[in-house]
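> for reference, the sequence and a predicted model appear below.
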There are 2 protein chains.
Amino acid sequence: MAGGTRVLNWKHHYRRLAADCALLGLALPEEKLLLDEIARVAPETGATVKVIVTRGAAGRGYAPTAGGATRVVAAFPLPPYPPGLAIEGVRIRRCALILSQQPRLAGAKTLNRLENVLARGEWDDPAIHEGMLCDGARRLIEGTMSNVFLVRGGRVATPDLARCGVIGAQRERVRELLAAEKRVCDVRDIEWRELEEAEEVFLTNSLIGIWPVTQFEHRRWRVGPITRALQERLANDDEAH
Amino acid sequence: MAGGTRVLNWKHHYRRLAADCALLGLALPEEKLLLDEIARVAPETGATVKVIVTRGAAGRGYAPTAGGATRVVAAFPLPPYPPGLAIEGVRIRRCALILSQQPRLAGAKTLNRLENVLARGEWDDPAIHEGMLCDGARRLIEGTMSNVFLVRGGRVATPDLARCGVIGAQRERVRELLAAEKRVCDVRDIEWRELEEAEEVFLTNSLIGIWPVTQFEHRRWRVGPITRALQERLANDDEAH
């Protein structure tokens, strides 16, 4: 998200928030209210905005209370990712941490992110830009902070996130862009080995945009044509937004 | 925990905190410092104290930072559980939510408790005092806020919490009391049906002490001799503390 009252990909961000509030039984803040508050905290172009909704003040214990939700709308500078990463591509690793499966929370972007924190703590080599996560059946799920797409034979695929993982707003936007171009994007279970066999691999999140993956251990990739076309499509979409 | 500088079961509480800080890479606050702070927030007898350690202030992103931990030591009134529950026993239900399995975090008392919140949200009948949770293999794991013990043929058992669940300080204390009486307490996988077949069932946590279970659906139990003996042993231990 960036730019005064021009909030990039707002539709999918708000949709994610609405789905997660419904899941957790939290009151969904009105769209107009949030947009007003975002404009207030980020009046200048080029900010990252974070919106958090919590159950609000309550006593101890796990029983959900009926009281009003707390809303946090905060602005940050844009993250310090070198723009070269989107052009030249990134190097990934495979994390040892295995994601647990909880269909009741799968897809949601909650604040319970200890698995991501443990996974991100597995490496500190700045040459490695993202760590990939699998479930207990060696299925590829996501990166610690991103969603992942594979291309093979002109067909795009991204992991089904019905058991674990976060359905990022940027993943949904990329799926929408692919659909608009009548390009097939399968949402399905993906074995880890399919990543190594893919012709193109790319990562998405709202702050990185699209990062082509160009290295995993000894496997190298060139940045492929579908990844490049999507990056352009995304940039045009941002401009037109 | 209760009572001026007399902190009940402190040894197991501090052990839990130490194990969880090590797991998450957080600096463990010194024992003396915490005891001093607890005495300061709870100078009177009969308080509940909550100690939280977090990674402290940091920027965005999942990468763990090296900065100092934040320590929260807060006192609350004793919870409003009717004392009759420990005497007459409680009624339980079985929750629909299935606990996910994450061996890396199993046993730890972290702040990622959305599963407990969802499970506790499944009922609001005040006649039901606790909801029991199973894993995907129908193994009994714990209550939403308590650990569980079963007795059959004079032998006590409590679920192995190597894949999910919280190893409560009171569970560890009860295991220690049982060991001191040379009574066997198996820590093992327990099928759900074993709960219904048990001769005695009881729940533990630091605030409830020991609650005998006397009803699950149509199954009724009398409060059994081992449960009663343990309650007395615990009360004496609190006095002598």
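Right, received. Where do you want to start?
> what parts of chain A come near chain B?
Within reach of chain B by Cβ under 8 Å from any Cβ of the partner chain, chain A has these residues: A:24-25, A:48, A:50, A:59-64, A:76, A:79, A:97-98, A:100-102, A:104-105, A:110, A:112-121, A:124, A:136, A:144-145. C-betas here are computed from N, CA, C, even on glycine.
> just those residues: which are in strands?
In this view, the residues of chain A next to chain B that belong to strands under DSSP state E are A:Thr48, A:Lys50, A:Phe76, A:Leu97, A:Ile98.
> and those, which two are furthest apart?
A:Phe76 and A:Ile98 (30.8 Å; Cβ to Cβ).
> those two - which one has more neighbours?
Neighbour count, other Cβ atoms under 10 Å in any protein chain shown: between A:Phe76 and A:Ile98, A:Ile98 has more, with 20 against 14.
> contacts only, for the more buried one.
A:Leu133, A:Cys134, A:Asp135, A:Gly136, B:Gln102, B:Arg104 (Cβ atoms under 8 Å, 6 or more residues apart in numbering or on different chains).
> just name the closest of those to B:Ala18, please.
For the contacts of A:Ile98, the nearest to B:Ala18 is B:Arg104 (17.3 Å; Cβ to Cβ).
> quick one, grab the pLDDT at the closest one.
The model reports B:Arg104 with a pLDDT of 96.
> do A:Arg163 as well
A:Arg163 is given a pLDDT of 97.
> which residues touch the residue lying farthest from the centre of chain A?
Here chain A reaches farthest from its C-alpha mean at A:Gly59, the gap being 32.7 Å by Cα atoms, centre = their mean. Shown in contact with A:Gly59 (Cβ under 8 Å, 6+ apart): A:Thr65, B:Phe76.
> tell me the secondary structure for A:Phe202?
Assigned state for A:Phe202: strand (three-state reduction, DSSP: H, G, I helix; E, B strand; the rest coil).
> burial count for the nearest residue to it once chain neighbours are set aside?
Leaving out its chain neighbours, the residue that sits closest to A:Phe202 by Cβ to Cβ, 6 or more residues apart in numbering or on different chains is A:Thr227, at 4.7 Å. A:Thr227: 26 surrounding residues under other Cβ under 10 Å.
> does A:Thr227 touch A:Leu203 like I think?
No - the pair A:Thr227 / A:Leu203 is not scored as a contact, 10.0 Å apart, by Cβ atoms under 8 Å.
> what do these two both touch?
A:Ile210.
> hang on, the earlier thing: against B:Leu114, how distant is the residue farthest from the centre of chain A?
Applying Cβ to Cβ, to the nearest Å, the value for A:Gly59 to B:Leu114 is 18 Å.
> then A:Ala47?
In terms of Cβ to Cβ, A:Ala47 sits 29 Å off from B:Leu114.
> which residues of chain A fall in strands?
A:47-54, A:70-77, A:90-99, A:130-135, A:140-143, A:147-152, A:155-159, A:185-188, A:200-205, A:209-216, A:219-220.
> and those as CSV, adding distance to B:His13?
Below are the strands of chain A laid out as CSV (distance: least, Cβ to Cβ, whole Å):
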stretch, distance to B:His13
strand A:47-54, 26
strand A:70-77, 29
strand A:90-99, 27
strand A:130-135, 33
strand A:140-143, 35
strand A:147-152, 40
strand A:155-159, 40
strand A:185-188, 45
strand A:200-205, 39
strand A:209-216, 44
strand A:219-220, 48
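> got those as a markdown table, with mean pLDDT columns?
A markdown table is the format used below for the strands of chain A (pLDDT from 0 to 100):
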| stretch | mean pLDDT |
| --- | --- |
| strand A:47-54 | 94 |
| strand A:70-77 | 93 |
| strand A:90-99 | 98 |
| strand A:130-135 | 98 |
| strand A:140-143 | 98 |
| strand A:147-152 | 98 |
| strand A:155-159 | 98 |
| strand A:185-188 | 98 |
| strand A:200-205 | 98 |
| strand A:209-216 | 98 |
| strand A:219-220 | 98 |
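> on that earlier part again, for the contacts of A:Ile98, pick the one with the most neighbours.
A:Leu133 (24 neighbours).
> thought it was touching A:Cys95?
Yes - using Cβ under 8 Å, A:Leu133 is in contact with A:Cys95, at 5.3 Å.
> contacting residues around A:Ala74?
Contact analysis of A:Ala74 by Cβ under 8 Å, 6+ apart lists A:Val41, A:Val49, A:Lys50, A:Ile52.
> could you check how far it is from A:Ala47?
A:Ala74 is 10 Å from A:Ala47, by Cβ to Cβ.
> joint contacts of those two?
Joint contacts of A:Ala74 and A:Ala47 (Cβ under 8 Å, 6+ apart) are A:Val41.
> quick one: buried residues of stretch A:158-178?
A:158-161, A:163-175, A:177-178 (16 or more other Cβ atoms under 10 Å in any protein chain shown).
> check stretch A:131-149 too.
Buried, per 16+ other Cβ under 10 Å, within stretch A:131-149: A:131-135, A:139-149.
> how about stretch A:184-200?
Buried-residue list, stretch A:184-200, by 16+ other Cβ under 10 Å: A:Cys185, A:Asp189, A:Ile190, A:Trp192, A:Glu194, A:Leu195, A:Ala198, A:Glu199, A:Glu200.
> any idea how far that stretch is from the chain center?
17 Å (Cα atoms, centre = their mean, to the nearest Å).
> now what about that stretch, what contacts it?
A:94, A:132, A:134, A:138-140, A:148-153, A:155-160, A:174-175, A:178-179, A:201, A:212, A:216, A:219, A:221, A:223-227.
> what's the end-to-end length of stretch A:216-224?
Its first and final residues considered, stretch A:216-224 spans 16 Å by Cα to Cα, to the nearest Å.
> and it, what's buried?
A:Phe216, A:Trp221, A:Val223, A:Gly224.
> try stretch A:21-35
Buried residues in stretch A:21-35 (16+ other Cβ under 10 Å): A:Cys21, A:Leu23, A:Leu24, A:Leu26, A:Pro29, A:Leu34.
> likewise for stretch A:46-65?
So stretch A:46-65, judged by 16+ other Cβ under 10 Å, has buried residues A:Ala47, A:Thr48, A:Val49, A:Val51, A:Val53, A:Arg55, A:Tyr62, A:Pro64.
> give me every residue that touches the fourth one.
Each residue near A:Val51 by Cβ under 8 Å, 6+ apart is listed here: A:His13, A:Leu17, A:Leu34, A:Ile38, A:Arg71, A:Val72, A:Val73.
> quick one: it and A:Glu122, what's the gap?
29 Å.
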